[in-house]
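Asker: below is the sequence, then the predicted model.
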Amino acid sequence: MNDIKKISLVVFASSILMFVLVFIACFGLAFNYSLILFYVLLIVAGVGFLTYQIHKKYNQVDNFHENREQLDVEIEKTIEQKEICSYETFLTEAKKISKNEQYYSNILSMLSKKCELALGIFYIQNNNQSFNVVGQYALPSDYESTIVFEQDSFNSQAMQNKKPLIIKEIPANYFEPFSGLGKSLPTTIVFIPLMFKETAVGQIEIALFKLNIEKENVFSQISKNLIADLEIK
């Protein structure tokens, strides 16, 4: 309890005791002293009980504020942990994924869990210039399975530059094939070329509602290292 609360209790108790003393001084001679003593003890007991109740209420208020502050700290820590996306944590979880027919889709799901994606597409290049869609996240089930990147497309630019391409001025028709996104559309799309020995052998295309420096670092590491780290053939 802080000093103000202590002073309040002292003033309260002193006021009641002062009342008792005035009562004794004014009316002591007019009443039987045993009756006076009974009233005095009754008043003192009442003062003690009220003081205890006030003290108890102050403690409850203090405990409430302490618990609220602790809860706020825990919420902030949870939010911070959720927002931190690192390549190491993603890779650790990705290595646990079984290499079955859903392998690449599960990788995207894991990436979404760490970096909060709105949608994702995992491409692996064929022997020619086409790419197979080997994994997807939040896409319609009938999304095309093979695609050829047009020369002036964002996909091709990322492959040529050999580093992630971040687009924030998104073309108006970009999200038309992705009907499941609803009215609230992502604000950023990222094209991540997957490099192996200085050659782009695949690409991850993702859309996000929020992009920060931690996520950018993760996408850069994915571009450079994911194929080798996961031993993707």
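Answerer: That came through fine. Numbering: from 1, shown residues only.
Asker: show me what contacts D229?
Answerer: 91, 95 (Cβ atoms under 8 Å, 6 or more residues apart in numbering). For glycine as for every other residue, the C-beta is placed from the backbone atoms N, C-alpha and C.
Asker: Y103 is in contact with I97, correct?
Answerer: Yes: assessed by Cβ atoms under 8 Å, I97 is found in contact with Y103 at 6.2 Å.
Asker: tell me if Q160 really is in a strand.
Answerer: No: assessed with DSSP: H, G, I helix; E, B strand; the rest coil, Q160 is helix; it does not lie in a strand.
Asker: what about it, neighbour count?
Answerer: Q160 has 12 neighbours, counted by other Cβ atoms under 10 Å.
Asker: now it: how far from V61?
Answerer: 64 Å (Cβ to Cβ, to the nearest Å).
Asker: now swap in V201 and tell me
Answerer: V201 is 63 Å from V61, by Cβ to Cβ.
Asker: so for these two, which sits in the more crowded spot?
Answerer: V201 (17 against 12).
Asker: can you confirm L194 is in a helix?
Answerer: No: counting by three-state DSSP, L194 is not found in a helix; it is strand.
Asker: could you check the pLDDT of it?
Answerer: At L194, the pLDDT value in this model is 96.
Asker: from P171, how far off is F154?
Answerer: Distance, F154 to P171, by Cβ to Cβ: 9 Å.
Asker: just N59 next, same as before
Answerer: For N59 relative to P171 (Cβ to Cβ), the value is 61 Å.
Asker: quick one: the helices in the protein?
Answerer: In the chain, the helices defined using DSSP state H lie at 3-27, 33-83, 87-94, 103-115, 154-161, 213-229.
Asker: weakest of these in terms of mean pLDDT?
Answerer: helix 3-27 (a mean of 59).
Asker: quickly list the domain ranges of the protein.
Answerer: Residue ranges for the domains of the chain, per automatic domain parsing: 3-83, 87-229.
Asker: what does stretch 216-227 rub up against?
Answerer: Residues outside stretch 216-227 that contact it (Cβ under 8 Å, 6+ apart): 85-87, 90-91, 111, 114-115, 162-164, 166, 190, 192-196, 201-202, 204, 206, 232.
Asker: sweet, I'm off.
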